[in-house]
Structure formats: structure tokens, C-alpha cells
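>>> need a structure here:
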Amino acid sequence: MARTGDGPVSNGARRALVVGATGIAGSAVAHHLVDLGWDVWGLSRGTGVIGRPYRTVSADLGDIGQLRSVLRGIGITHLFYTSWSRQGTEAENIAVNGAMLRNVLSAAGEQGGLEHVALLTGLKHYLGPAEAQPVPGTPDTPFLEDEPRLPVPNFYYAQEDEVLAAAARFGFTWSVHRAHTIIGYAVGNAMNMGLTLAVQAAICRENGKPFVFPGSEARWNGLNDMTDAGLLARHMTWAATTPAAAQDAYNVVNGDVFRWRSMWGRIADMLGVEDGGTDGASPLRTQMNTMAAETWSRIARKHKLKEHDVSKVASWWHTDGDLGRQREVLADMRKSRLAGFTGYACTEHAFRDLFERYRAASVIPR
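Below you'll find the model as predicted:
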């Protein structure tokens, strides 16, 4: 466990702890809060990284003693929880992720002064965990926040229950943010479709093969939406600082919809690879066989990229799971609109900006 003082300290009264600050969502939240002048601490399992524009805390989220030690005296007013730990079964997801969140809430709440907790979850709230899909009774699209919980175990439900229990104990307000697939910058993240598609395209281009959609016909033809990490950061901050928005759960998506059959060719153009369309059933775990690691290592050497290990830049399993569903997936944003949040992001532009950022950082080839 460790505490570092990398970033500046604000004189403002708002002091945030961002749990999962090195991930796609957490990084965007932390940087957005810094831009707004907040005093920000980032908490992650790894050690602090010099140069971040906020101070860092590292601790094992499964160890409440460590958490109490590193959070002591910080004076957190707002907690943004964006972390999770992937387990082999949903029962294990519930046990591990529920305990981690419970520990953070207890360690932060016991210090006193905690005003708001914002929890990031996702649209599996409506779909059920991957191992249980398709779940009978899954609602039709677009998903609405007042849909009843599905009759299957789900670690998102367990996390919501932990927040409600801690809110009753410590007296803070709360918000839940159900994002779809998040488009944002991170390396080594377990759920990163944007970077995964960029790596897939680079490997296809290197091998002289077309860029083939790795999902189902339903996802290819159906409507879809996504969540830009910057928009998510603004939404979580809005709910955390707007009293009328507290004590509620919200869908968070960009506000536009698209079909992969139209978006795929645009992404191929952005990444300089031949559009291979879809063959109806070609998951990345099939396309990116054992040769993918060797090919990526060769690409990384040729273009002097920062990461040579393909497993650190591509999460085949996550993109397969997302694009392989046998149904369209999109969420309704009316609750946020009616409550006053009007943020919007263009999904195509979010992909383009992300790829340019990865190129500039020498994560993917130019």
C-alpha cells in the first residue's frame, strides 16, 4: 500500500477519491475533476505513477485494514467507484466485487464527511451476466432504468445493495451510472473495445487480411449505442453535484445510435485496413489465433510501440462477448434529460479521437 503526492492540491472544498483511476472510466473521471479544480486522489491496485495530475493511493481493495490506513486523514467528500475484478463465475463476481466495494465504502465512510458516492455499473443490469444470457424476461430495447431486476444473480445488483446499505449507515447521497461499452483511453484494461479493434486491424493489415466483424448477425444489423468516457465523467460529476439528481440510477450513453454494418467500414478507414464486413460468426478468439501474439510483437518492434505483449492491449474475450450477443443493445436517456443533463457525444468521433490518441502515444502504429 502507498500514498504519493504527484498532483497539485486544490483549495476547493470538494475532495474526490476515484477508485479504479487507471482504467478507462476512472482515468476520465479523475482528469475531468482535476480540470474542474477539485482535489483528487486516485486509488488503484498498482503503485502510483509519477506525472499524474492528481495524488495517488494504492491498496488491495480486499483488505479493509490497508484501505483504512491509506485513506485516513484525506477527508473524502465524493467517492467515484469505477473498479471491478473479473472472476470465473457470477457467484465469485458477487462475493469478490461486493466485498471490495463494501470495504471501500466502510473505510471512506468511517472517516466522516462523505457526501456522495457514484457507482459505475453497466447494461448487464438489464441483460444479466454473460454466463446466464439469454435470460428469460430480458426487457425490450431501449432499456429503461425502472425495469425490475432479472431473476438471476448479478454482481451489479449486489453492488447497488452495498451502496444503499452504506448510505443508510453513513448518511451520504448516491447515484448509479449504467454505461454501455465505454470508448476511452487506457492500456492494460480488461474491457477495452476501442483498443482491441485497433490491435485487430493492425494485425489484419500486417498479415494482408481484411478486417472482419467478430460478432453476430443480430449485432451487425441491429441498433447499438456506446458510452464515451469523457461523457461518462461529466455525467457522474453532474449527478454527484446536483442534489435533485441524487438517490437514483441512470443509463449513460452517447445519445446517438448506429448499426455496426455502417460503422464497421468507417472504423476500417480510420485504421487503414480493408473492410472485410461480416461472415456471420467469426469471434476474435478464432480470428486472432496463436499467431496474433507473434504478429503483434513484430508490429511493435517495427513501429517502436510501447507495449509488445498483445494481452496487455487487446481483450478479445470482452469484445467477443459484447459483439456476439444475439440481440441489439441500446439504452434510453430520458431520465437524465428530464433531470437536466444534456451531454452528448458522437460515437464515430469518439472512435476517431481515441485512435489518434493511441497513435500519438505509440500504443498502435500510425
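>>> isn't M333 up against H235?
No - taking contacts as CB atoms under 8 Å, M333 lies outside contact range of H235: 9.6 Å. Heads up, the C-betas are built off the backbone N, CA and C, glycines and all.
>>> identify the contacts common to the two.
Counting by CB atoms under 8 Å, 6 or more residues apart in numbering, the common neighbours of M333 and H235 are V252.
>>> between the two, which one's more packed in?
Just comparing M333 and H235: by other CB atoms under 10 Å the higher neighbour count belongs to H235, 26 against 22.
>>> how about the strands of the stretch 251-366 of the chain, start to end?
258-259, 275-278 (DSSP state E, counting those that start in this stretch).
>>> parallel or antiparallel, list what pairs with the shortest one.
In this case it means strand 258-259. strand 223-224 (antiparallel) (DSSP bridges).
>>> for this protein, just list every one of the helices.
24-35, 64-71, 90-109, 124-127, 155-170, 193-206, 217-221, 229-241, 260-271, 284-287, 291-303, 316-323, 334-339, 347-360 (DSSP state H).
>>> worst average pLDDT in the strands of the stretch 251-366 of the chain?
Ranked by mean pLDDT, the strands of the stretch 251-366 of the chain end with strand 275-278 at the bottom, a mean of 94.
>>> given that strand, what are its sheet partners and their directions?
Next to strand 275-278 in the sheet, as set by DSSP bridges, lie strand 211-213 (parallel).
>>> gap between the partner strand and the chain center?
23 Å (CA atoms, centre = their mean, to the nearest Å).
>>> number the chain from 10, please
In the new numbering, first residue 10, that becomes strand 220-222.
>>> please identify the buried residues of it?
F220, V221, F222 (16 or more other CB atoms under 10 Å).
>>> which one of those residues is nearest to N298?
V221 (13.1 Å; CB to CB).
>>> excluding sequence neighbours, find me the nearest residue to that closest one.
G285 (3.8 Å; CB to CB, 6 or more residues apart in numbering).
>>> list the contacts of G231.
R268, R336, E337, V338.
>>> format the helices of the chain as TSV; extra columns: mean pLDDT and distance to Q256.
Shown next, in TSV, are the helices of the chain (pLDDT from 0 to 100; distance: least, CB to CB, whole Å):
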stretch	mean pLDDT	distance to Q256
helix 33-44	96	20
helix 73-80	96	24
helix 99-118	97	16
helix 133-136	96	17
helix 164-179	98	8
helix 202-215	96	31
helix 226-230	94	34
helix 238-250	98	10
helix 269-280	98	36
helix 293-296	88	40
helix 300-312	95	46
helix 325-332	93	30
helix 343-348	97	11
helix 356-369	98	30
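>>> nearest to G51, out of these?
Nearest to G51, of the helices of the chain and by CB to CB, is helix 33-44 at 5.1 Å.
>>> got the buried residues for the closest one?
Quick answer for helix 33-44 (16+ other CB under 10 Å): I33, A34, G35, S36, A37, V38, A39, H40, H41, L42, V43.
>>> next up, the contacts around the fourth one.
S36 makes contacts with A30, G193, Y194, A195, A238, as judged by CB under 8 Å, 6+ apart.
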